[in-house]
Structures are given as structure tokens and as C-alpha cells.
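K.L.:
Build me a structure from this.
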Amino acid sequence: MNGQHNPILTIRSQFPMFFVDVEEEQYILDLSERIANLGNEAFFIWDSANGLRREGRPGVIPQTNRLFDALRYISKAPENGIYVLLSAQPYLGDPTVRHLTREISQGYHKTAKTLIFVNSSYEMPPELMHASGCVELSVYDVESVRAVLRGGGNQWALAQDASLRETRAAVDALTALLSDPKMSPRDGK
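P.N.:
Residues are numbered from 1 along each chain as shown. Next up, the predicted model:
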């Protein structure tokens, strides 16, 4: 999957992992935190210098400086969450890291754990391609967002054998939010 338009829609698409090529890490961190907040999910950040930490809580999770150890923690975590893994590319060559990453992605249907690998350039390991997407940061226009929301809602309803009611106010609010990637829920917009 290639998120050429709005990365929020792409990340919310229920792919278990994404590879994001971006020079500006802070943008994707802010965006990912916003997505986690919108979905009422836990938000974590990992880097090799600091280890894994949950945003909004003090300190880091002990003994998670190695990517394998952070992934082991993630695999056992009971809650849905978005996990941003910064500059993890050098560690993806390790077969145990790839195996654990694949295991987490295969368990997505039980506990929605989205792994977002952020680096300035990525070569995706072939065995992880089937369960991952790529995000290119650009924006949908308002009408495209409305179409995607309605189409995605209809697909979800069919897959869940359920009905979906939409209100104009909800569609308008989501459209406004999703068509402006720089807007934060904390901005009050």
C-alpha cells in the first residue's frame, strides 16, 4: 500500500506496519501521536539511544535499547498501540528482529499494534513487504477525503456484516481534520 495522499488515512487502514522515508522525524512523530490520540491508542517511540518510551508517561521501558528487546516488549503488550521506531534500518538485517516483526504483524487482528519504521531511506526486507505499507507525505483535497471516508466506511461495514450510520457533522469534522495534516487536535480547530 502506498500512502501518496493523506498518511493519516493510510496508517488507519489497518496495515500492521509502515516504512516511512522522511528527513523530518518530528513531523511523523507529531502525526503518529495525533493518529494514536484520535484512535484512543497508546503511543510509543523507540530509538537505540533511549529505548522504548510511552508518550505521556515519565521514563523509558527498561532494557529496550536493542530493537529486538523493544519488539519483544511490544509483542507482549496487551493494548492496541502505535509504535514509532526511529532509524531501525540497520537492525532489520537480524533474522530474529525480522521474525519478531513478522510475528507482531500477524497478530494484528488480535491486538492492533501498528509499527511505523521511520528513516531517511529504507530498503524493506522482502519477507516483511506483504504486511507493510509505505507512506509518502502529501495531502488529499477535501472531496477526496470525503470519498475515502465513505468508501472505507462502506468496506468496513461489509467486512463486519454491520451497518454504519454517518452524520454530516462527523463527516465534516473528519474531513477537515484529515485534509490538513498539520492541524493538531490540541489546536482546537
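
K.L.:
Look up how far Ala173 lies from Ser105.
P.N.:
31 Å (C-beta to C-beta, to the nearest Å). For every residue, glycine as well, the C-beta is placed using N, CA and C.

K.L.:
Which one of the two is surrounded by more residues?
P.N.:
More crowded of Ser105 and Ala173, by other C-beta atoms under 10 Å: Ser105, with 18 against 11.

K.L.:
Next, the buried residues of the strand or helix carrying the more buried one.
P.N.:
Using DSSP states H and E, Ser105 sits in helix 95-106. Within helix 95-106, the residues that qualify as buried are Val97, Arg98, Leu100, Thr101, Arg102, Ile104, Ser105, counting by 16 or more other C-beta atoms under 10 Å.

K.L.:
biggest separation within those residues, which pair?
P.N.:
Comparing all pairs in the buried residues of helix 95-106 by C-beta to C-beta, the longest separation belongs to Val97 and Ser105, at 12.7 Å.

K.L.:
which ones are touching Glu25?
P.N.:
Listed by C-beta atoms under 8 Å, 6 or more residues apart in numbering, the contact set of Glu25 reads Leu86, Val118.

K.L.:
change it to 6 Å
P.N.:
Contacts for Glu25 (C-beta atoms under 6 Å, 6 or more residues apart in numbering) come out as Val118.

K.L.:
what pLDDT does it get?
P.N.:
Per-residue pLDDT puts Glu25 at 83.

K.L.:
for the one 4 residues further on, same thing?
P.N.:
As predicted, Leu29 sits at a pLDDT of 90.

K.L.:
helix or strand for the closest residue to it other than its chain neighbours, which one?
P.N.:
Excluding its sequence neighbours, the residue lying closest to Leu29 (C-beta to C-beta, 6 or more residues apart in numbering) is Val84, at 6.1 Å. In this assignment (DSSP H and E), Val84 forms part of strand 81-86.

K.L.:
What values do phi and psi take at Asp94?
P.N.:
Main-chain torsions, Asp94, degrees, to the nearest 10: phi -70, psi 120.

K.L.:
Roughly how far does it sit from Phe44?
P.N.:
Going from Asp94 to Phe44 by C-beta to C-beta gives 20 Å.

K.L.:
the more surrounded of those two?
P.N.:
Ranked by neighbour count (other C-beta under 10 Å), Asp94 and Phe44 place Phe44 first, with 26 against 14.

K.L.:
Now for the more buried one: which residues touch it?
P.N.:
Phe44 sits next to Leu52, Arg54, Gly81, Tyr83 when contact means C-beta under 6 Å, 6+ apart.

K.L.:
All set now, cheers.
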